[in-house]
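Enquirer: Dropping the sequence and predicted coords here.
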Amino acid sequence: MLIILDRDGVINQYDGSYICSPDEWHPIPGSIEAVARLCHAGHRIAIATNQSGIGRGYYDVDTLDAMHDKLEGLVEAAGGCIDLITYCPHHPDDYCRCRKPRIGLLEQIRTHYRLDSLNGAIMVGDSRKDLEAGVSAGCDVALVRTGNGLDTERHLAERPIPRVQVPVFDNLRSFADALLASEGWQKQIESV
């Protein structure tokens with residue numbers, strides 16, 4: 001199965017401030033191991049992340065690459081692999097096609113894997129933008145409560161995404177636990 005992860009607030013700690021250097025990039029406890037476990041089980045991992053800090057001039061592509069090198073190195077040290085990282089470098093006012101909730105990043109992922117669709121893939125995020133992008137691209141979606149996830153969960157209770165069940169997990173580790181359990185993923189969807 002293809003699993004598409006948002007980055008900030010899903011894999012790494014995020015409090016709403018821009019992460020502008022590898023030294024400021026810190027994984028959420030258990031997230032690196034969760035990615036490695038998913039890889040060991042045969043799942044493919046891709047990342048789709050909005051990085052408007054580039055468009056705002058807070059950091060450059062080389063700095064972003066260094067953050068992603070750190071991420072990939074930690075995942076590889078845990079025995080996993082990230083196949084692909086896609087990112088949107090644009091300022092929100094640019095109205096580009098790749099910034100989530102638009103689906104440009106997910107289309108890049110679909111093209112990379114030479115898939116006709118993303119049906120059956122899972123988009124895991126901490127924000128409504130992540131979930132809306134996933135739904136629009138044909139993915140199943142899951143919300144984690146880390147990063148912006150608690151606020152997103154509260155807002156979804158007030159204004160759900162039409163015709164979509166969104167299973168909610170405490171963090172990426174609990175998502176991986178449920179998915180890797182023989183019936184965990186389906187039970188979580190049915191309980192929503």
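Expert: Structure received.

Enquirer: just checking, Ala34 is part of a helix?
Expert: Yes: under DSSP: H, G, I helix; E, B strand; the rest coil, Ala34 sits within a helix.

Enquirer: Could you tell me the per-residue confidence at it?
Expert: Ala34 is assigned a predicted lDDT (pLDDT) of 98.

Enquirer: Quick check, it in contact with Leu172.
Expert: Yes: with contact defined as CB atoms under 8 Å, Ala34 counts as touching Leu172 (4.5 Å). C-beta: built from backbone N, CA, C; applies to glycine.

Enquirer: Going by how many neighbours each has, rank these two and give me the top one.
Expert: Leu172 (30 against 27; other CB atoms under 10 Å).

Enquirer: which residues touch stretch 82-98?
Expert: For stretch 82-98, contacts defined as CB atoms under 8 Å, 6 or more residues apart in numbering pick out 7, 35, 44-52, 54-56, 61, 64, 68, 71-72, 75, 99-100, 102-105, 108-109, 112.

Enquirer: In the protein, mark out all the helices, start to finish.
Expert: For the chain, the helices defined by DSSP state H cover 31-40, 52-55, 61-77, 104-112, 128-137, 149-158, 172-180, 184-191.

Enquirer: Just want the angle from the longest one to helix 31-40.
Expert: Here helix 61-77 runs at an angle of 60 degrees relative to helix 31-40 (axes from the mean of the first three to the mean of the last three CA atoms, to 10 degrees).

Enquirer: Tell me the helices and strands packed up against helix 61-77.
Expert: For helix 61-77, the contact count by 3 or more CB pairs under 8 Å, 6 or more residues apart in numbering; DSSP states H and E identifies helix 31-40, helix 52-55, strand 84-88 as packing neighbours.

Enquirer: so which of these is the most packed in?
Expert: Burial of the helices and strands packed on helix 61-77 is given as mean neighbour count (mean count of other CB atoms under 10 Å); helix 31-40 ranks first at a mean of 21.

Enquirer: same for that helix, what does it pack against?
Expert: strand 44-50, helix 61-77, helix 172-180.

Enquirer: how big is the angle separating the second one from strand 84-88?
Expert: Relative orientation of helix 61-77 and strand 84-88, computed by the same axes, to 10 degrees: 150 degrees.
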